[in-house]
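>>> Provided below for reference: sequence and predicted model.
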Amino acid sequence: MKELKNLRVDYSGDLIDIKKLKNNPIKQFEIWFKNAKKENIIEPNAMILSTISKNNLLNSRTVLLKNITDKGLVFFTNYESIKANDIMHNNNVSVVFLWKKIERQVIIKGKAVKITKRDSKKYFDSRPEKSKIAAWASKQSKELHNSSDLLKRFKNFENKFKNKLIPYPDFWGGYIIHPNSIEFWQGRSSRMHDRILYEKEKNKWNINRLYP
């Protein structure tokens, strides 16, 4: 499409003061994330998760960040899904947060590891009832021949668990991404964007500015 070459936006962000950044990038990410929430961005916790299959093929999809700890970022999924199978073969992952409204992006690379069953169950129990039922009903990533089949499965589990505590499914749970690099990107005018990269080396974080 010819008009694509003319699609461009001139950003207006300020230069990041590297002296004011936190030494720990997870703490810095929390600051940026809270700022994104204040700006009423729709699902600021949405992140593009990229994984590598056993055939060395890249797979990307959007998942939701559900917790930030001192050790990393937590998300949940079906342990029989494509992403879970990818992580089982190669747990190196990358996630991208893009907050266009505030002209910011964060890229996090690290290793994904399953969290404890206890912590997964604790989060599962906090979910809305229909979300719990959906976890049971969906054979995530498997071929669905007819959309009515999914609705039938949902209805069947809804009836099965009616007036009962919905049990935690063993095939579902969380991962924590232990980061080894985090890049903070701030859009600026004339494509003079600002990029700050944290890289972990022997439990110490090195901070450097990159060319845009």
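It's in. The structure displayed is predicted, hence computed values, not measured ones.
>>> now the residue sitting nearest the centre point of the chain: how far from F154?
Note on the chain: the residue nearest the mean C-alpha position is M47, at 3.8 Å, using C-alpha atoms, centre = their mean. Computed with C-beta to C-beta, to the nearest Å, the distance linking M47 and F154 is 26 Å. All C-beta spots, glycine's among them, are computed from the backbone N, C-alpha and C.
>>> One more: H178?
According to C-beta to C-beta, H178 and F154 sit 35 Å apart.
>>> In a helix, the residue nearest to the centre of the chain, correct?
No - secondary structure of M47 (DSSP: H, G, I helix; E, B strand; the rest coil): strand, not part of a helix.
>>> Show me what it is bridged to.
Counting by DSSP bridges, M47 is bridged to V63.
>>> which strand is the longest one in this protein?
strand 172-186 (DSSP state E).
>>> List the strands paired with that one, with their directions.
If you go by DSSP bridges, strand 172-186 pairs up with strand 73-78 (antiparallel), strand 104-114 (antiparallel), strand 194-201 (antiparallel).
>>> buried stuff in it?
Across strand 172-186, burial judged by 16 or more other C-beta atoms under 10 Å covers 172-177, 179, 181-186.
>>> will you turn the residues you listed into JSON lines that also has distance to I42?
What follows is the buried residues of strand 172-186, written out as JSON lines (distance: C-beta to C-beta, whole Å):
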{"residue": "W172", "distance to I42": "25"}
{"residue": "G173", "distance to I42": "26"}
{"residue": "G174", "distance to I42": "23"}
{"residue": "Y175", "distance to I42": "24"}
{"residue": "I176", "distance to I42": "25"}
{"residue": "I177", "distance to I42": "22"}
{"residue": "P179", "distance to I42": "25"}
{"residue": "S181", "distance to I42": "27"}
{"residue": "I182", "distance to I42": "23"}
{"residue": "E183", "distance to I42": "23"}
{"residue": "F184", "distance to I42": "21"}
{"residue": "W185", "distance to I42": "20"}
{"residue": "Q186", "distance to I42": "20"}
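>>> returning to what we had before: tell me the most buried of the strands paired with strand 172-186?
Comparing the strands paired with strand 172-186 by mean neighbour count (mean count of other C-beta atoms under 10 Å), strand 73-78 comes out on top with a mean of 21.
>>> Just give me how far that strand sits from the chain centre.
How far strand 73-78 lies from its chain's middle: 8 Å, per C-alpha atoms, centre = their mean, to the nearest Å.
>>> Show me which residues of stretch 60-67 are buried.
63, 65.
>>> So which residues make contact with that stretch?
Residues outside stretch 60-67 that contact it (C-beta atoms under 8 Å, 6 or more residues apart in numbering): 43, 45-51, 73-77, 83, 97, 123, 174.
>>> So which residues of the protein form helices?
Taking DSSP state H as the test, the helices found in the chain are 25-38, 82-89, 117-126, 129-137, 147-160.
>>> quick check: angle from the last one to helix 129-137?
Angle, helix 147-160 to helix 129-137, by axes from the mean of the first three to the mean of the last three C-alpha atoms, to 10 degrees: 120 degrees.
>>> Do me a favour and average the pLDDT over helix 147-160.
Throughout helix 147-160, pLDDT has a mean value of 96.
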